[in-house]
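[1] Coordinates only, no sequence provided:
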């Protein structure tokens, strides 16, 4: 009996070690989303550029697009932004969701760093982000012409990520 009691902490330690070891091989950018294959959530929010203009999910219909969740408070978004500008110049349709941010800061950011977004949704309270299951920023959703979410990418879209992971997926949606 005494031997079993002494082995119990060792068994617990080994069990925890197995779970932690397994975690070393998981990709943190692959967070599962229950929204894959489902329509973009319904929303009615103001535009960052024109607070009098309301944007709804219907505005996302008609073209395949990236929907990029960003914020001026997000250091990684600053790294990603030049790549988004370059993609927009190449004709990639990108919509923005300015997440939990101060609108004046967002406008200043876009003036300073340029605006790659065809639509820019102001989600100051984070309600749309909550409906999307956003963990933070940046997160990017690929939607098809019907507004169905086809993929989700968590993290910075740099040139390598675009080339190796997202470009083909986006092009397939454009070609549908």
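    That came through, no problem. Computed from a predicted structure; not experimentally measured.
[2] The chain: strands as residue ranges?
    44-46, 54-56, 65-70, 94-99, 119-123, 139-143, 149-154 (DSSP state E).
[3] would you turn the ones you listed into CSV with mean neighbour count?
    For every residue, glycine as well, the C-beta is placed using N, CA and C. Formatted as CSV, the strands of the chain follow (neighbours: other CB atoms under 10 Å):
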stretch, mean neighbour count
strand 44-46, 16
strand 54-56, 16
strand 65-70, 26
strand 94-99, 26
strand 119-123, 23
strand 139-143, 23
strand 149-154, 19
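[4] Tabulate these (JSON lines), appending distance to residue 171.
    As requested, the strands of the chain are exported to JSON lines (distance: least, CB to CB, whole Å):
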{"stretch": "strand 44-46", "distance to residue 171": "29"}
{"stretch": "strand 54-56", "distance to residue 171": "26"}
{"stretch": "strand 65-70", "distance to residue 171": "12"}
{"stretch": "strand 94-99", "distance to residue 171": "14"}
{"stretch": "strand 119-123", "distance to residue 171": "21"}
{"stretch": "strand 139-143", "distance to residue 171": "11"}
{"stretch": "strand 149-154", "distance to residue 171": "12"}
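[5] Reformat these as JSON lines; add mean pLDDT.
    As requested, the strands of the chain are exported to JSON lines (pLDDT from 0 to 100):
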{"stretch": "strand 44-46", "mean pLDDT": "98"}
{"stretch": "strand 54-56", "mean pLDDT": "98"}
{"stretch": "strand 65-70", "mean pLDDT": "98"}
{"stretch": "strand 94-99", "mean pLDDT": "98"}
{"stretch": "strand 119-123", "mean pLDDT": "98"}
{"stretch": "strand 139-143", "mean pLDDT": "97"}
{"stretch": "strand 149-154", "mean pLDDT": "96"}
